[in-house]
Every structure is written in structure tokens, then in C-alpha cells.
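Engineer: coordinates for the following, if possible.
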Amino acid sequence: MGTTWRLVVVDPPEDIRETVQAVLMRMIGEFSHWEPGSRVGRFNRGMLGHWQPLSPEGVRVLEAALSVHAASGGAFDPASGVLADLWGFGPAGPRDDVPSAYAIGEARVMSGARHLEFDSEQRRIRRREAVQIDLSGIAKGFAVDAVAERLLALGIEDFLIEIGGELRGEGIKPDGQPWWVELEPVPDSTLAPLRVALHGLSVATSGDYRRFFEQGGRRYAHSIDPRTGWPIDNQVVSVSVLHREAMLADAWATALTVLGPAGMALAEQQGLAAHMVTREGEAFSERISARLQAMLG
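Structural biologist: Here you go, the predicted structure:
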């Protein structure tokens, strides 16, 4: 996944590291579009119109991804791999120039969940165009959930798991406190950090400061609006979402980042616990949804 993982656990068994690593290797084998041999990698190279089987986990992730896709009006799209590659944020590797308007238009035509046919009952999927699945906006969150669910199944109840900045806390610390974490601060911002208690709860953050390239004095962030084909330029610097499931926190953080400040109305409608930081010039401001405000008390 190109990132690190960390686990803080009360009374861990000796083989805990191997247990977590086994889950993560399975996640990479399922969902990594960087690994040619993964299930997603094979799908992206498969024949058009040919049904390909899905694992139960694959069905679960795609159902969630397509649900957020529909609810966000397409701001989150699990089939935007062609666009990610075009802008240098996919397996094809980085770039330092801006694609032509024609290339962006072509990539948009070749992208989108509308080109997928998903049969959850039969656990299968096929594509009608040369669309590329890219689950990077949800798979890391699901990996957090998969590790958490494996630990819970083993009777391990008190832990904090973090993968690349996405976290889920279960149970309590030895001192009886929940797992307190600070939301990832925005670089150069003077906004006070928010502390949240992860007790059966996850948090995911999406930010425009993590991956980007600059050309002609303009920054092109890795968060691409699949509806336009262009990297976002909507003043959003960071979005954090708290949710029971890390995969939904992950997907919604991505969707709200793309939607911009107007996305907070959707966050309220969906009952999401969301925190958004925007920047205008050198000034930062934050917006906190009613659900998150209630959590902060």
C-alpha cells in the first residue's frame, strides 16, 4: 500500500505481528491496483465483457464504494484509475506536466462506475469499457477494518490500529481511558487541533498536502474530481470523517474533499461526523458538522 502500519494493543499475543501482516498481505492481494497480480490488477487487464469473480470482501468493499458514489453524486468513483494514471498518481508513475484538455476528456470518457456491471448476489463483476478500478480511496480504510475484525475474532478487545493515518480504536487503554487521538493537523495552520476518543470508532483524513506536483506556479493535488477529470481546486485543504467503519470514513473523507465546502451540507444530510479545513490565501478556517460537534461535547 506504500505506507506503514502501527498497532497499540493491550496484552498482545506473541504472534500478533504475523497475524496483522497476514491480513494486510491478503488486502494487497485483493485490492492493490499497484500489484499486477492482485485481483484488482487482474480485473484491470481482463477481457471486456467477461465476468470476473469477487471474494466476499471484494463484494463488501464495492458495495460500500458504489453506495458512496451514488450518495455523493459521483464525487467518489471507484473506477477512476485511468484519470489517476493520466495525472501521475497511479501505477504508471509520476509526471511533472499538465495533460492536454483532449487527454483529460478521453480519460473521463474511459472512467466511471457507469462502465461497471456489478452482481453482488453472484459475487462477480465485469466492465463494458477499458475502465480501471482504483480503490485507493477506500481500500486502506477497509484494511483497518479487516485487521480490527480479525483481532476481535481472536478475543483481542483493546487496541488502536493505524494504517497510513487511518485509525480505529476498540475497547480501552489499561488506565480505563478510551483511545484519544488528535486529528492530523494541517501544515502551516494555526487552528487548534481536535482530540477525539476512538472507542468502537474510526477516523480517516484526506488532504491536498500529501501528494501533488507543481507546474507553472500552480499545485495539482492527487484528489481528482472524477466528474471533471481535473485535480480539485476548491479551497479544501483537509477533511476528516469519523465513522464506525474505517472504510466508510475513508470513502466519505475523499468524497467530501472533492465536493468542497458545499459538501458539508451533504455531510449533515448523511449524519456524518465531519471536520473540514479550507484555505483562502493565507487564512485557514474550519467547519464542523453537527454530529461531530455533539461528539466533542
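Engineer: for residue 172, see how far away the closest residue to residue 113 other than its chain neighbours is.
Structural biologist: Using C-beta to C-beta, 6 or more residues apart in numbering and skipping residues adjacent in sequence, the residue nearest residue 113 is residue 79, 4.8 Å away. Any C-beta I mention is one placed from the backbone N, CA and C, and that applies to glycine too. Counting by C-beta to C-beta, to the nearest Å, the gap from residue 79 to residue 172 is 40 Å.
Engineer: now stretch 156-165: buried residues?
Structural biologist: 156, 158, 159, 160, 161, 162, 163, 164, 165 (16 or more other C-beta atoms under 10 Å).
Engineer: phi first, then psi, for the fourth one.
Structural biologist: Spelled out, that is residue 160. Main-chain torsions, residue 160, degrees, to the nearest 10: phi -130, psi 120.
Engineer: what's across from it in the sheet?
Structural biologist: residue 8, residue 169 (DSSP bridges).
Engineer: touching, it and residue 171? I think so.
Structural biologist: No - with contact defined as C-beta atoms under 8 Å, residue 160 does not reach residue 171; the gap is 9.2 Å.
Engineer: so which of residue 79 and residue 172 has more stuff around it?
Structural biologist: With neighbours defined as other C-beta atoms under 10 Å, residue 79 and residue 172 compare such that residue 79 has more, 25 against 15.
Engineer: any idea which element residue 249 lies in?
Structural biologist: helix 246-259 (DSSP states H and E).
Engineer: and the angle from whichever helix or strand comes after that helix to helix 246-259?
Structural biologist: For helix 246-259, the following helix or strand on the C-terminal side (DSSP H and E) is helix 263-270. Per axes from the mean of the first three to the mean of the last three C-alpha atoms, to 10 degrees, the angle that helix 263-270 makes with helix 246-259 is 140 degrees.
Engineer: quick check: buried residues in helix 263-270?
Structural biologist: By neighbour count on 16+ other C-beta under 10 Å, the buried set for helix 263-270 is 263, 264, 266, 267, 270.
Engineer: and the strands in the stretch 151-297 of the chain?
Structural biologist: Ranges of strands within the stretch 151-297 of the chain are 159-163, 166-170, 179-182, 195-198, 201-207, 212-215, 218-221, 236-243, 273-280, 283-288, based on DSSP state E, counting those that start in this stretch.
Engineer: strand partners of the third one, parallel vs antiparallel please.
Structural biologist: In the sheet containing strand 179-182, the strands it pairs with under DSSP bridges are strand 195-198 (antiparallel).
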